[in-house]
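K.L.:
structure for the following, please:
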Amino acid sequence: MEVVILCGGKGTRLTEETITKPKPMVEIGGKPILWHIMKTYSSYGYKKFILALGYKANYIKQYFYDLRVSGSDFTIKMNPTSLPIFHNTPEDSDWEITFVDTGLETLKGGRIKRLEKYIQSDNFHLTYGDGVSDVDIQKLVAFHQQHQKMATVTAVHPPSRFGEIDIQGTQVTNFQEKPQMATGYINGGFFILNKKIMSYLTEDESCDLEFGALQKVSEKGELQAFIHDDFWQCMDNVRERNYLNHLVQSKQAPWVRW
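P.N.:
Numbering: from 1, shown residues only. Presented below is the predicted three-dimensional model:
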């Protein structure tokens, strides 16, 4: 199963960084959040990636192209006809990554449709390039296979935008910084889709995924929710980036299982 990652967004609420790089390349713990997402899938054995690119697509292409060299020891002769001699295998050398420029302004549905020809498996993973989770990918796959529906979405509790405090009288009895909400679910990404979804999509820039295709699939009873009550966090702003960065640096990141 290929892993399709939507990487075309501009990240307007992270402009201090996204003015020079695409949002999925904003770093947490010294690595792009995109790399963390790919490592999550890779740790479960899914190592064939298709990246739907848009804003600053060349930045992502160049990063991974250069990573083959920057992650290796090698010898070169200054003669330009001589090829480099690599002395070791760099980390993640078993990844296969297809880079597809799906347009600057294209909505998610159009991006997915534009890379259809690169998807070989009947079912494929799909997620966003700006969120991490400790979701069990193997259990997600088993759930999708069990229900045999066109689409499965991981339903998560959104983190609170503000800290939560419990008060008795005037005394704070419990303080949590941005806890996961106890009630209500939202779309957390980490989809599995059958290629039949492509019949609901077009290559038009205006073709969306959530507002359109998934609504129609849901109306037909073909959309299942895989409930995930544990960690999930998107990175929409500077505060969330700093929070994720802190989790990695303090070795408390729940999604890091490698």
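K.L.:
shaky segments in the stretch 151-258 of the chain?
P.N.:
Per-residue confidence of the stretch 151-258 of the chain (counting by pLDDT under 70) places the weak regions at 160-168, 170-183.
K.L.:
just the helices in it please.
P.N.:
Here the stretch 151-258 of the chain has its helices, by DSSP state H, counting those that start in this stretch, at 214-219, 238-249.
K.L.:
with distance to Leu67 and mean neighbour count as extra columns, can I get those in JSON lines?
P.N.:
No exception for glycine: its C-beta is placed from N, CA and C like everyone else's. Putting these into JSON lines (distance: least, Cβ to Cβ, whole Å; neighbours: other Cβ atoms under 10 Å) gives the following:
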{"stretch": "helix 214-219", "distance to Leu67": "33", "mean neighbour count": "15"}
{"stretch": "helix 238-249", "distance to Leu67": "18", "mean neighbour count": "17"}
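K.L.:
need these in a markdown table (columns: distance to Gly45).
P.N.:
What follows is the helices of the stretch 151-258 of the chain, written out as a markdown table (distance: least, Cβ to Cβ, whole Å):
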| stretch | distance to Gly45 |
| --- | --- |
| helix 214-219 | 27 |
| helix 238-249 | 23 |
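K.L.:
Pro159: which of those helices is closest?
P.N.:
Closest to Pro159 of those is helix 238-249 (Cβ to Cβ; 8.3 Å).
K.L.:
in the protein, what residue sits furthest out from the centroid?
P.N.:
For the chain, the C-alpha farthest from the mean C-alpha position belongs to Gly169; by Cα atoms, centre = their mean, that distance is 43.1 Å.
K.L.:
list the residues that contact that one.
P.N.:
Taking Cβ atoms under 8 Å, 6 or more residues apart in numbering as the contact definition, Gly169 lies against nothing.
K.L.:
could you say which helix or strand contains Phe143?
P.N.:
helix 137-147 (DSSP states H and E).
K.L.:
report the buried residues of that helix.
P.N.:
With burial defined by 16 or more other Cβ atoms under 10 Å, the residues of helix 137-147 counted as buried are 137, 140-141, 143-144.
K.L.:
from these, which is closest to Met198?
P.N.:
Within the buried residues of helix 137-147, the smallest distance to Met198 is 16.8 Å, found for His144 (Cβ to Cβ).
K.L.:
quick check: the closest one touching Thr154?
P.N.:
No: here His144 does not reach Thr154: they are 10.4 Å apart, not a contact under Cβ atoms under 8 Å.
K.L.:
who touches both of the two?
P.N.:
Counting by Cβ under 8 Å, 6+ apart, the common neighbours of His144 and Thr154 are Phe226.
K.L.:
I'd say Gln233 and His246 touch.
P.N.:
No: in this structure Gln233 lies outside contact range of His246 using Cβ under 8 Å: 11.5 Å.
K.L.:
please, where are all the strands along the stretch 151-258 of the chain?
P.N.:
With DSSP state E, counting those that start in this stretch as the criterion, the stretch 151-258 of the chain has strands at 151-156, 164-168, 171-176, 186-187, 191-194, 223-228, 232-234.
K.L.:
in the stretch 1-150 of the chain, which spans are helices?
P.N.:
15-18, 33-43, 57-70, 108-114, 137-147.
K.L.:
any idea of the mean pLDDT in the fourth one?
P.N.:
By that I understand helix 108-114. This predicted structure assigns helix 108-114 an average pLDDT of 97.
K.L.:
what does the last one give?
P.N.:
If you average the pLDDT over helix 137-147, you get 96.
K.L.:
output the helix holding Phe143 as CSV - backbone C-alpha positions only.
P.N.:
What follows is the C-alpha trace of helix 137-147 in CSV, where atoms were taken according to Å, rounded to 0.1, in the frame of the first residue of the first chain:
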residue,chain,number,x,y,z
ILE,A,137,-1.3,1.9,11.6
GLN,A,138,-1.6,-1.9,11.5
LYS,A,139,-4.8,-1.8,13.5
LEU,A,140,-6.1,0.8,11.2
VAL,A,141,-5.4,-1.4,8.2
ALA,A,142,-7.0,-4.4,9.9
PHE,A,143,-10.1,-2.3,10.7
HIS,A,144,-10.4,-1.1,7.1
GLN,A,145,-10.0,-4.6,5.7
GLN,A,146,-12.6,-5.9,8.2
HIS,A,147,-15.3,-3.4,7.1
